[in-house]
Structure formats: C-alpha cells, structure tokens
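K.L.:
No letters, just coordinates:
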C-alpha cells in the first residue's frame, strides 16, 4: 500500500510567480507510479503528469515541471509563471502493486491577479 | 467520446433514504473505479470493476453500499439507509488496461455526484 503526504494545505501566489507543490510518498513496492492531478472548482479531476519509479529524470512540460527524488521520497511539482486559471486543488497520488490510486489530501492553490 | 459521465450531479436526501448513483465510463475502458471524497480530503478508493467483475472492495465500503456493473458498461453505486456521514462527493473513474504494469493507472475521472444527507 502507498501513503501520500501533501503538507501544504493552502498556497497563495500572485500571478506570474512560480509555485512549487510538495509531495512525499511512502511505499514498499519496488515498481510504482506517481501522479499529479488537478481539481478545478468544477470538481473533475484532471490528469497532469505521471512518473514511474525507474525514471528519476526530471522534465519540463510547458509551464509544468516536476522533481522526482527517490532518496527523499519526494515528487514535487512546479508551475512557472502562474496564471489565475491555475487556481485549483492539486493532488499527488501513487500506485504500485495495488490497482488503485492512493491520493494525498491536496493543496489548494490560489493565484491572485 | 465525451468522457466519464455521472448522474445525478447533486443529490440531497434525508437520513435513512436510499440513493443510487450512475456512472457511464469511456466506452472502450474495461476498468471502472468508485472513489469517495469528503471536504478538504483527497479521493478515497471504494471499489473497482474489470468488465462486469467486482475485483476489489475497500473497507470503507460498508454493507450499506453496493456497486454493480451488470453488462460491463455503466455502473451503479447504491447507498442504503443513508447516514449523515455518507455526505461526500462520489467520483467515478475509468481506464483501459493495456498489459503494462498494473500500477500504471491513468484514470479518467467524471465530475462526481455530490451527496448531502440531511
């Protein structure tokens, strides 16, 4: 089973600032996957990114980037040049031998104009 | 395809009543999941189906809860004798199995069915 901790409950930034969302995970699986989902006020969870446990290469996709470090069991997510439309709850999640996703408690991001 | 559909979007009921939620997954997706999300928390796994077979149930799924997927397409989640603690958002998600690692889930979620028990 996995456990996912998102210590930041709420974050507020001003538009165009960069913001990093923290995620720490626990798992006994040697093969596992980590995810970030976004939940806007409409309620529908939207998939953003997925990484597997064998690939620690950090990547950038548009304004999104992530930092996966197995040594610290962290999978942090950064939005550069934040926009008001980025305001949402962001969830980190993990899956491994279990067939379902285990989610963290989420971070409410508010981007102020 | 319009994604995962859930109905109703909102349901208000009195304690003790039964409620049923419906989920229509993406048509080619053979796996269907139900999650529950309470205010300020992340989604919690309830159960999942592969085609019509219910393969796993969480301990959160008490005997008042029952889920079905009779023809391997849409699914229903029924809650009998609702309690105020059942108030939550019930999320449905689906995916297509690809033969890769079982943990490589990328679930597509519906917008959820919000239940309020008075």
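P.N.:
That came through, no problem. Computed from a predicted structure; not experimentally measured. Numbers count the residues shown, from 1 in each chain, chains lettered A, B, ... in the order given.

K.L.:
what sits against residue B:112?
P.N.:
A:43-44, B:6, B:9, B:37, B:89-92 (CB atoms under 8 Å, 6 or more residues apart in numbering or on different chains). For every residue, glycine as well, the C-beta is placed using N, CA and C.

K.L.:
nearest to residue B:30, of those?
P.N.:
Closest to residue B:30 out of the contacts of residue B:112 is residue B:92 (14.2 Å), distances taken as CB to CB.

K.L.:
so where is chain A shaky, pLDDT-wise?
P.N.:
Within chain A, the ranges that satisfy pLDDT under 70 run A:98.

K.L.:
What residues does it have near chain B?
P.N.:
Proximity of chain A to chain B (CB under 8 Å from any CB of the partner chain) is limited to residues A:4, A:29, A:31-33, A:35, A:37, A:42-47, A:50, A:52, A:91, A:93, A:95-106.

K.L.:
Can you tell me which of the residues you listed end up in strands?
P.N.:
Using DSSP state E, the subset of the residues of chain A next to chain B located in strands is A:4, A:33, A:35, A:37, A:46-47, A:50, A:52, A:91, A:93, A:95, A:102-103.

K.L.:
Please identify which pair of the residues you listed lies farthest apart.
P.N.:
Of all pairs drawn from those, the one with the longest distance (CB to CB) is A:46 and A:52, at 20.1 Å.

K.L.:
Next up, the contacts around whichever residue of chain A sits closest to chain B.
P.N.:
The nearest approach of chain A to chain B comes at residue A:103, 3.3 Å away (CB to the nearest CB). By CB under 8 Å, 6+ apart, the contact set of residue A:103 is A:4, A:37, A:91-93, B:42-44.

K.L.:
repeat that for 7 Å
P.N.:
The contact partners of residue A:103, taken as CB atoms under 7 Å, 6 or more residues apart in numbering or on different chains, are A:4, A:91, A:93, B:42-43.

K.L.:
now it: how far from residue A:18?
P.N.:
Taking CB to CB, to the nearest Å as the criterion, residue A:103 is separated from residue A:18 by 24 Å.
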